[in-house]
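Engineer: Got a predicted model here, sequence first, then my questions.
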Amino acid sequence: MSIDIKTPELPESVDEATLLTWHVNDGDKVTRDDKLADVETDKIVLEVFAPADGVMGLKVEEGGTLKRGDVMAVLKEGGAESSTEDNARESRTSTLPDQEISAQKSEERDAPRTDEKGEALPNTDAEQKVDVSSLQGLSPAVRKLLMEHNLQPGQIQGSGKDNRITRQDVVRFIEETPEAKKNLGLGVPERVLDLSVAGKTAAPKPVEDDPSVKRVPMSQLRQRVAARLKEVQNTAALLTTFNEVNMKPVMDIRGKYKERFEKDYGVKLGFMSFFVKAAVEALKKFPIINASMDGKDILYHEAYHIGIAVDSPRGLVVPVLRNAETMSFAEVEKQIRLLAGKAKDAKLAYEDLIGGTFTITNGGTFGSMLSTPIINAPQSAILGMHAIQERPWVEGGQVVVRPVMYLALTYDHRIIDGRDAVQFLVSLKQSLEDPAQLMLQL
């Protein structure tokens, strides 16, 4: 009996996905609940697990596009007793095509190389013939890459299950190995330019012909981010206002209580909890900053769902702290830590990323001094934090040195006036420079 393994259930707003990684190879025997694949949407990575014991028959290569209901693979229920039949099937479906490809490549390599005028070009000693028998059991995407780049499987350390070679292993090997980079252009004749006529200038080499250029398709997430950011720039009236905040009071409180805080709550006291709580208090005073547009209407949100931009291997993602107004400092820190860990491990669920009303992004963790962040539609404003630097500061008529952070608020000027934006930042600044009133919610 065979089971069709189909595209996992996609969120309502998502129409297609990309098969990011196979964790098994064609013909592998798997056990129920083994992880089979990662499927990437423009929002999250979905994991696919084996519904039963059996043997895998892959239908879609890594990087392939999946629609709702598409069959990714077929699982033939059974196990070791089917090994003879499985090996025969693998030989028919995998070895023969590779032999044909290998034979074709061999003919191409053996044939004289010529330029556009038909004149012979010298052969390179770097070309090698891939041992087709060594490709047995590898996924179609891996076999294709190895054949294209004249690589032997034994050259590459696998990181998949049972040390299997994945597509990412091959790509990483090509990027990190000088010899592999050299072989990227094998089999592609160099353009020979006719410079014999005086006064003629050689045309620049097309990017596609330059072996130092690598073309990589954008991920679903990156495509979606690019489209959303451009859409925001095209539709919203973006304006950014700035302020600066003396971070010494917050730093003094952290220094005094951080050890006790971590001991009592099991999590470190960071800066972000102060900014989240200060932002919530400022949003309460200026609710238009927490609002959004819906056609010709303005939606005022009475809950404060704060998006926190975090870095992940797939790029920047913005998980949401729901009802941040109800959270304590410790709860904010714990939730941020949880969401950041899920982002790092590609475990964020669709529900973790939707419904935000206001976003905070901290470029200071990367050393940014000042920036103008772009709002996360359909939200109407975003707060940018930056690096803390010691700067001259006037207190009581005296110039002193204080740890200072620049703040940036980008907002949609269609519904938010400059006065509200400026006063929002002033309120935020006052809360951070007097954390006692923030903690007492004054």
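Structural biologist: Perfect, I can see it now.

Engineer: contacts and neighbour counts: CA atoms only from here.
Structural biologist: OK.

Engineer: Check the chain for its longest strand and report it.
Structural biologist: The strand that spans the most residues within the chain, counting by DSSP state E, is strand 398-412.

Engineer: what does it contact?
Structural biologist: With contact meaning Cα atoms under 8 Å, 6 or more residues apart in numbering, strand 398-412 is reached by 236-248, 289, 369-375, 380-394, 421, 425.

Engineer: Stretch 67-80 - what's its average pLDDT?
Structural biologist: What stretch 67-80 shows for mean pLDDT is 81.

Engineer: burial count for the nearest residue to residue 411 once chain neighbours are set aside?
Structural biologist: Counting by Cα to Cα, 6 or more residues apart in numbering, residue 381 is the residue found nearest to residue 411 once chain neighbours are left out, at 4.2 Å. Close neighbours of residue 381, defined as other Cα atoms under 10 Å, add up to 29.

Engineer: what's residue 381 sitting at in phi/psi?
Structural biologist: Main-chain torsions, residue 381, degrees, to the nearest 10: phi -160, psi 160.

Engineer: shaky segments in the stretch 51-200 of the chain?
Structural biologist: Low-confidence regions of the stretch 51-200 of the chain, defined by pLDDT under 70, span residues 79-134, 136-137, 140, 161-162, 178-200.

Engineer: Show me the domain layout of this protein.
Structural biologist: If you go by automatic domain parsing, the domain ranges for the chain are 2-78, 82-209, 220-439.

Engineer: Give me the most central residue, the chain.
Structural biologist: residue 314 (1.4 Å; Cα atoms, centre = their mean).

Engineer: So that one sits against residue 221, correct?
Structural biologist: Yes: here residue 314 reaches residue 221: they are 7.3 Å apart, a contact under Cα atoms under 8 Å.

Engineer: Pull the contacting residues for the residue nearest to residue 411.
Structural biologist: The neighbours of residue 381, taking Cα under 8 Å, 6+ apart as the test, are 289-290, 358-359, 375, 409-412.

Engineer: Of the contacts of strand 398-412, keep whichever come out buried.
Structural biologist: Burial by neighbour count, judged by 16 or more other Cα atoms under 10 Å, picks out 236, 238-240, 242, 245-247, 289, 370-375, 380-389, 421, 425 from the contacts of strand 398-412.

Engineer: Show me which helix runs longest in this structure.
Structural biologist: The longest helix of the chain (DSSP state H) is helix 248-265.

Engineer: Give me the next element, helix or strand, following that helix.
Structural biologist: Next in sequence after helix 248-265, counting helices and strands by DSSP states H and E, comes helix 272-285.

Engineer: So which bits of the following helix or strand past that next one are buried?
Structural biologist: Downstream of helix 272-285, the first helix or strand assigned by DSSP H and E is strand 292-294. Buried positions in strand 292-294, judged by neighbour count with 16+ other Cα under 10 Å: 292-293.

Engineer: Name the residues that touch strand 292-294?
Structural biologist: Here strand 292-294 makes contact (Cα under 8 Å, 6+ apart) with 298-300, 357, 378-380, 415.

Engineer: Doesn't residue 360 belong to a strand?
Structural biologist: Yes: counting by DSSP: H, G, I helix; E, B strand; the rest coil, residue 360 is part of a strand.

Engineer: was I right about it contacting residue 307?
Structural biologist: Yes: with contact defined as Cα under 8 Å, residue 360 counts as touching residue 307 (6.2 Å).

Engineer: Between the two, tell me which one has more neighbours.
Structural biologist: Using other Cα under 10 Å, the more surrounded residue of residue 360 and residue 307 is residue 307, with 28 against 24.

Engineer: Show me what the helix or strand hosting that one is packed against.
Structural biologist: Taking DSSP H and E as the definition, residue 307 sits inside strand 306-308. Using 3 or more Cα pairs under 8 Å, 6 or more residues apart in numbering; DSSP states H and E as the contact test, the elements touching strand 306-308 are strand 320-321, strand 358-362.

Engineer: just how off-centre is stretch 58-66 within its chain?
Structural biologist: The chain centroid and the centroid of stretch 58-66 are separated by 19 Å under Cα atoms, centre = their mean, to the nearest Å.

Engineer: May I see the buried residues of it?
Structural biologist: 58, 60-63, 65-66.

Engineer: Repeat that for stretch 394-407.
Structural biologist: Here stretch 394-407 shows 402-407 as buried, counting by 16+ other Cα under 10 Å.

Engineer: Of those, just say which sits nearest to residue 11.
Structural biologist: Among the buried residues of stretch 394-407, residue 407 lies closest to residue 11 (Cα to Cα), at 34.9 Å.

Engineer: confidence score at the closest one?
Structural biologist: pLDDT, read off for residue 407, is 97.

Engineer: separation between it and residue 262?
Structural biologist: Using Cα to Cα, to the nearest Å, residue 407 is found at 27 Å from residue 262.

Engineer: returning to that earlier point: what lines up beside the longest strand of the chain in the sheet?
Structural biologist: Taking DSSP bridges as the criterion, strand 398-412 forms sheet pairs with strand 238-246 (antiparallel), strand 381-385 (antiparallel), strand 389-395 (antiparallel).
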